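Colleague: no sequence on hand, only this structure:
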């Protein structure tokens with residue numbers, strides 16, 4: 001234990017002396033929460049701020065009732081006589097409403113009347129405008145149909161049939177956790193970023209500087225040597241990950257999510273549980289980085305290899321977002337996936353079984369130890385040491 005402690009202290013001191021690498025590693029924990037805050041603030045502003053829509057209309061005189069309906073709902077209608085398609089291509093207008101000349105005749109004959117909405121579907125900045133105008137036209141059509149039935153002595157309720165009634169039993173915290181599903185990505189990604197510099201420097205960096213071979217000449221067991229490097233890199237990784245978690249939680253509490261109909265409350269007891277859930281991830285991340293660092297021929301080469309590992313925390317979160325499934329106990333045995341599930345459940349104020357913590361912790365730590373054992377065996381091979 002004294003030898004392992006000495007190796008750990010040596011690697012920590014070397015890692016803390018490299019200020020440039022340390023700054024680049026801990027830049028991510030502070031950048032991610034700022035990015036989340038800016039992105040969510042922009043989304044809240046877009047969903048809550050209602051801007052006046054100026055709608056160019058061709059043939060507005062043919063449908064005065066429809067135009068009046070649009071005006072009453074905050075749409076500024078203007079006459080338009082130019083080429084609508086060319087104007088949209090030039091981005092001088094977002095949307096052009098074209099009312100056909102036979103509008104009144106088709107309405108009088110109770111035929112289906114189509115009103116043209118000319119727009120560019122590839123533009124993301126006009127989707128809200130197009131959606132709002134389309135919704136207003138549909139609401140006008142529903143009111144018109146109801147008035148037609150009433151004028152003939154028929155109740156509009158006769159055509160309502162069956163309609164679904166939503167009864168969402170999910171709490172506001174659970175819906176907020178689904179909205180902020182990318183939080184686990186940033187938290188787990190920090191584990192793969194913050195210890196990256198030290199993990200590369202103690203493997204590929206030492207071999208490139210020709211200091212790894214003299215180190216192996218000492219009567220130090222290869223496994224303890226790997227453990228010292230592993231624990232030092234894991235310490236920096238864990239510190240960066242916890243900082244990212246705390247700042248992300250603070251960001252979520254500072255955001256006005258109530259304006260979107262969500263609520264996020266965080267109890268003091270949830271923070272230790274979140275830390276306990278994610279604590280094994282730095283061990284796995286740094287063990288994989290050490291292993292890949294031994295295969296790299298140089299520091300730069302190792303950065304290319306190990307950069308691929310950053311994708312690992314992204315995959316489970318994306319699967320949970322786009323391919324929802326029922327959570328089973330065996331899923332906590334899968335490293336990274338188990339931690340992603342627990343973060344989501346804890347943020348949604350859902351109870352997490354004790355077995356989930358145990359299975360997730362045990363499987364991740366066991367995988368990390370297995371990777372370290374493989375890395376220690378590689379140090380006995382001359383081709384690995386010489387590169």
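Modeller: Perfect, I can see it now. Note that the coordinates shown come from a computational prediction; the quantities given were computed from them, not determined experimentally.
Colleague: quick one, helices of the stretch 101-250 of the chain?
Modeller: For the stretch 101-250 of the chain, the helices defined by DSSP state H, counting those that start in this stretch occupy 103-108, 127-151, 172-179, 183-194, 196-200, 206-208, 212-217, 222-254.
Colleague: quick one: the next helix or strand after the longest one to helix 222-254, angle?
Modeller: Right, the one you point to is helix 222-254. Note on helix 222-254: by DSSP states H and E, the next helix or strand toward the C-terminus is helix 270-278. Inter-element angle recorded for helix 270-278 and helix 222-254: 140 degrees (by axes from the mean of the first three to the mean of the last three C-alpha atoms, to 10 degrees).
Colleague: by contact count, what packs against helix 270-278?
Modeller: Here helix 270-278 touches helix 183-194, helix 222-254, helix 337-347, helix 354-378, going by 3 or more C-beta pairs under 8 Å, 6 or more residues apart in numbering; DSSP states H and E. All C-beta spots, glycine's among them, are computed from the backbone N, C-alpha and C.
Colleague: mind giving me the domain split of this structure?
Modeller: 2-38+173-386, 51-158 (automatic domain parsing).
Colleague: ok, residues contacting stretch 69-77?
Modeller: Defining contact as C-beta atoms under 8 Å, 6 or more residues apart in numbering, one finds that stretch 69-77 is touched by 50, 52-55, 57, 60, 67, 133, 136, 139-140, 143.
Colleague: ok, of the domains of the chain, where does mean pLDDT dip lowest?
Modeller: When mean pLDDT is averaged over each of the domains of the chain, domain 2-38+173-386 scores lowest at a mean of 81.
Colleague: just give me the neighbour total for residue 104.
Modeller: Each residue near residue 104 was counted by other C-beta atoms under 10 Å, and the total is 14.
Colleague: show me where the stretch 1-150 of the chain has its strands.
Modeller: All strands of the stretch 1-150 of the chain, identified by DSSP state E, counting those that start in this stretch, fall at 53-58, 75-79, 95-98, 116-119.
Colleague: out of the domains of the chain, flag the one nearest residue 164.
Modeller: domain 51-158 (16.7 Å; C-beta to C-beta).
Colleague: just how off-centre is that closest one within its chain?
Modeller: Relative to its chain's centre, domain 51-158 lies at 37 Å (C-alpha atoms, centre = their mean, to the nearest Å).
Colleague: need the helices of the stretch 101-250 of the chain in TSV (columns: distance to residue 158).
Modeller: As requested, the helices of the stretch 101-250 of the chain are exported to TSV (distance: least, C-beta to C-beta, whole Å):
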stretch	distance to residue 158
helix 103-108	22
helix 127-151	8
helix 172-179	36
helix 183-194	49
helix 196-200	67
helix 206-208	81
helix 212-217	84
helix 222-254	48
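Colleague: can you say which of those helices is packed in most?
Modeller: Of the helices of the stretch 101-250 of the chain, the one with the most neighbours on average (mean count of other C-beta atoms under 10 Å) is helix 196-200, at a mean of 28.
Colleague: please name every helix or strand in contact with it.
Modeller: So helix 196-200, by 3+ C-beta pairs under 8 Å, 6+ apart, packs with helix 2-17, helix 19-25, helix 222-254, helix 281-295, helix 299-306.
Colleague: export those helices as JSON lines, with columns for distance to residue 342.
Modeller: JSON lines is the format used below for the helices and strands packed on helix 196-200 (distance: least, C-beta to C-beta, whole Å):
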{"stretch": "helix 2-17", "distance to residue 342": "28"}
{"stretch": "helix 19-25", "distance to residue 342": "25"}
{"stretch": "helix 222-254", "distance to residue 342": "12"}
{"stretch": "helix 281-295", "distance to residue 342": "11"}
{"stretch": "helix 299-306", "distance to residue 342": "25"}
